[in-house]
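1. For reference, the sequence and a predicted model appear below.
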Amino acid sequence: MRNHSLPRWLAAFALAALPLAGCDAHDHEEDFPSSIGAPPVEAASPQGIHVPPPPFSDGVFPCSDCHDPEMLLPNPRRRKLEMAHQEIELKHDAEHRWCLDCHDAANRDQLHLAGGELVPFEESYRLCGQCHGDKYRDWRAGVHGRRTGKWDGDKEYLLCVHCHNSHAPHFAPIAPMPAPKRPVRTP
Amino acid sequence: MFVRFVTGSIRIVTRGNALYWTWIVALLAMITAGVFAYLHQYDAGLQSTSMRDQVSWAFYIGNFTFLVGVAAAAVLLVIPAYVYQWKPIKEVAILGELLAISAISMCGLFVFVDVGSPLNLMHLVPGIGRLNLPSSLLAWDVLVLNGYLVLNFTIVTYLLFSLYRGTSPNHRIFTPLVLLSIPAAIGIHTVTAFLYNGLAARPFWNSAILAPRFIASALCSGPAVLLVLMMLLRRFTRFEITDTAIWKIAELMAYAMGFNLFLLGAEVFKEFYSNTEHVVHARYMFLGLGEHNALPPFLWTAVACSVIAFLLFLVPKTRKNPVTLVIGCVLIYAGVYIEKGMGLVIPGMTPDTLGEIYEYVPSTTEVVVSLGVFSVGFLLFTLMVKVATPIMLGEFRDASAPKGEIAH
Amino acid sequence: MTDTADTTVSRRDLLCTIAGCAAAASVAGCSEPTHTDFFRHHLHELTPEQLKAMLADLEQEFSAKYGKDVTVAMTEARPGVSFAYALDLSRCIGCRRCVHACVKENNQSREPAVQWIRVLEMDKEKGIDLHHANAYYEAETVPRPGHFYMPVACQHCRNAPCVKSCPVGATWQEPDGIVAIDYDWCIGCRCCMASCPYGARHFNWAEPELPAEELNPKTHYLGNRPRPKGVVEKCTWCIHRTREGLYPACVEVCPVGARKFGDLNDPASEIRYVLENKRVFVLKSELNTRPRFYYFYGV
């Protein structure tokens, strides 16, 4: 059994730490073509997949700064979050899922798989891949999601959460860039 | 003798009545306007035309196609004249060849004004450039059109120069050349048709009866020009052109037009009855698509012209009446010009291959440049006819040449 | 190499010499710097020295014109590589990021605007029906409900009608599959545009306008070097990037990762994965152009 002695409202804090950065394609467009050059790689997982750091909001990580097991007891109960992470609207099979299904109550700086195995945020794709196996396969092959780098060599992967908000993963509509001009006749 | 031929020719073309000079000055004025319009186009780029990526061939190439037909039509006169030794047409067959030379020259000019990088045109010259044979139909077209030009030029020059010298042309040289010009004429028009026909990307052109349609319409439009010319020559010169010759040509044109209309009908049936997505081009041409309806008025005019002309030429009475004959010629010329120029090129490109509709209407620059090119052709033709006529009539002959009738 | 331009006859000089008149001079602009020898051979017949000299001339001309160091590479196809491209129609949202990234990367004319990629908006109920496609859609956000999107650019056909129709051999298929154009050999007759079933070829109807500050100075002779007016151009799969092992710009910019590129001969490539695991189709397969560009449904 997990220790539930921490206030439950903090349980969702780590979830809020994943902003929607990946959905904002403007970021990619504006620093183009420098974005074509590889972003700094910090995490090279044991599986050899190079990914940029997870898109945490400033100052939210490590989660354990607030979710101190000495001070906050985890609260697994489904409820409206009022003390923190109020901005999170869970639209990810909300009927069946709650914070601690993914975030580990005992080790707030990590996630856990269904079987309990801890997974660092840098390898969150393993967690997503538990349910989305076909996407995970495609992603590993470089076919699901954006890939940069070299077609014949090192590739830059993005984590699932760079493009999909883990709490509301549907890809948000974005503004299109300008339409072409219609051809005009010369008089 | 050749120097005397040239100086004599220059003397002939610089002498004429007021009507002649008015005509020449008008042509020169239009050529000048055309040259300036072209210089503007060269400087500004083809942006000064109304062609765009969606409709990338248009007025120039339409005129080119029409004129290839006019050039090919010389055969209609050559076949009976030389193959069947049919006298009434034989004496005017040379006019057909002169027309072919003028028409091919205009074709060359229309291609020249249409290309984006005219200086690179030398990449078409074997030796310097690289002709993409056998796969490119335009490369073939360049070959056959130039070949046809050289061939007709040789035939005409040889014939006229022989007559000028007062000798009969050597038939062992002359007849094979003339016979060669018959398949060459069919060839230029077939290759030009294939230029469109071979493009699977353009279903409107990708029809097996396109080449036959080209030939049939050419056999109407080319002689239409000649008939009017013959009537003019009969009136203004001592050129003897018998009524029989004119009626015979008109009769042949009636059959050609009948066949042309039949082929058009076959095409229309196939498009509208099968009613696949490809019908959209024919629909644009005859009915318009929504607010895009610039073309149908022209096309229906063309159909009306062709049908009326067909009837005028089919009925012996109207065929033999000089007034209805000339009206028929003008109608045929107009009908085929619209159908084969704009009526062929524009619907083939509208909508474009991705379904976009850009409604093309030629720009002022295109119209003025085209008028200039036509003027060059007419000027060439006028001058050549002016020199050829007295030679044919035996009036312009070298001082050392024997007098009297020469068989040719 | 620098004296090449001085000692050989340039096109415009020659025109001026032939015409010998002020009219031609004012029209052709004889005083402009030129780069191409008038009686140059076809690219495939140039000696390595001639090619090097020609590229050096181009670099000099472009660097002077745009006021920055422009390189013009002639990187050859890598032996044994066979490029292909795949686009996931179930992902594309029609945001046109690819269109504009392509323009920037490949130095297309800004005015008149030349765009190598055309994103077509289609009605879900009509399916892929080009006659109801719309490239000019405007929207606050995309995808618009009820629509899907199909970007179209050069399909790099194995059986390319454009290559077949070019009268002077100014366009051909490279060993790695890229259909390339030599802009200095093109006569601008637009046969290739008439024969392309995909509207992929674009003509420079006027002198291309390319602001110096927006010029991408890393160029390839067969790709994104600045073009003259009156010639045809099209997508080259970013030949200056892909020949160096990089992805094309459109692949890297696509926010939904709908665009995949790679070597068909590499069993581990994304493109091979797509062909083996997804259901692909090619556009207008009935024309037997055999595109190297595949569309697929990733979901």
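-> Right, received. Where do you want to start? Numbers count the residues shown, from 1 in each chain, chains lettered A, B, ... in the order given.
2. Whichever residue of the stretch 301-408 of chain B sits closest to chain A: neighbouring residues, count only.
-> In the stretch 301-408 of chain B, the residue found nearest to chain A is residue B:363; the distance is 4.0 Å by C-beta to the nearest C-beta. (C-beta placed from N, C-alpha, C; glycine too.) The number of residues packed near residue B:363 is 22, by other C-beta atoms under 10 Å in any protein chain shown.
3. my guess is it meets residue B:37, correct?
-> No. Using C-beta atoms under 8 Å, residue B:363 makes no contact with residue B:37, being 9.7 Å away.
4. Nearest residue to residue B:357 in space, ignoring adjacent ones along the chain?
-> Distances taken as C-beta to C-beta, 6 or more residues apart in numbering or on different chains place residue B:351 nearest to residue B:357, at 4.7 Å, with adjacent residues excluded.
5. gap between the spatially most central residue of chain A and residue B:280?
-> The residue lying closest to the centre of chain A (C-alpha atoms, centre = their mean) is residue A:161, at 2.4 Å. Counting by C-beta to C-beta, to the nearest Å, the separation of residue A:161 from residue B:280 is 47 Å.
6. Near chain B, which residues of chain A are found?
-> A:182-183, A:185-187 (C-beta under 8 Å from any C-beta of the partner chain).
7. and those, which are buried?
-> Burial by neighbour count, judged by 16 or more other C-beta atoms under 10 Å in any protein chain shown, picks out A:183, A:186 from the residues of chain A next to chain B.
8. What is the neighbour count of residue 76?
-> In the absence of a named chain, chain A is used. Applying other C-beta under 10 Å, I find that residue A:76 has 14 neighbouring residues.
9. Not quite, go with chain C.
-> By other C-beta under 10 Å, neighbour count at residue C:76 equals 10.
10. Skipping its backbone neighbours, what lies nearest it in space?
-> residue C:243 (7.5 Å).
11. tell me the contacts of the one you found?
-> Applying C-beta atoms under 8 Å, 6 or more residues apart in numbering or on different chains to residue C:243 gives the contacts C:73, C:75-78, C:176, C:220.
12. Would you mind measuring from it to chain B?
-> Distance, residue C:243 to chain B, by C-beta to the nearest C-beta, to the nearest Å: 24 Å.
13. could you pull out the helices for the stretch 301-408 of chain B?
-> Under the criterion DSSP state H, counting those that start in this stretch, helices of the stretch 301-408 of chain B are mapped to B:316-320, B:322-340, B:342-349, B:364-392.
14. Likewise for chain A?
-> Applying DSSP state H to chain A gives helices spanning A:13-16, A:25-30, A:124-131, A:133-140, A:160-163.
15. picking up where we left off before, so what's the residue of the stretch 301-408 of chain B closest to chain A up against?
-> Taking C-beta under 8 Å, 6+ apart, we find residue B:363 in contact with A:185-187, B:48-50.
16. Could I get the residues you listed in TSV, plus columns for pLDDT and distance to residue C:286?
-> Output for the contacts of residue B:363, formatted as TSV (pLDDT from 0 to 100; distance: C-beta to C-beta, whole Å):
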residue	pLDDT	distance to residue C:286
A:185	95	33
A:186	94	36
A:187	93	39
B:48	97	37
B:49	97	32
B:50	97	31
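17. Tell me the one among those residues nearest to residue C:45.
-> residue B:49 (33.4 Å; C-beta to C-beta).
18. Neighbours of the closest one, how many?
-> So residue B:49, with other C-beta under 10 Å, has 26 neighbours.
19. residues touching the residue in the stretch 251-400 of chain B that chain C sits nearest to, list them.
-> Nearest residue of the stretch 251-400 of chain B to chain C: residue B:355, at 3.7 Å (C-beta to the nearest C-beta). Shown in contact with residue B:355 (C-beta under 8 Å, 6+ apart): C:120, C:129-133.
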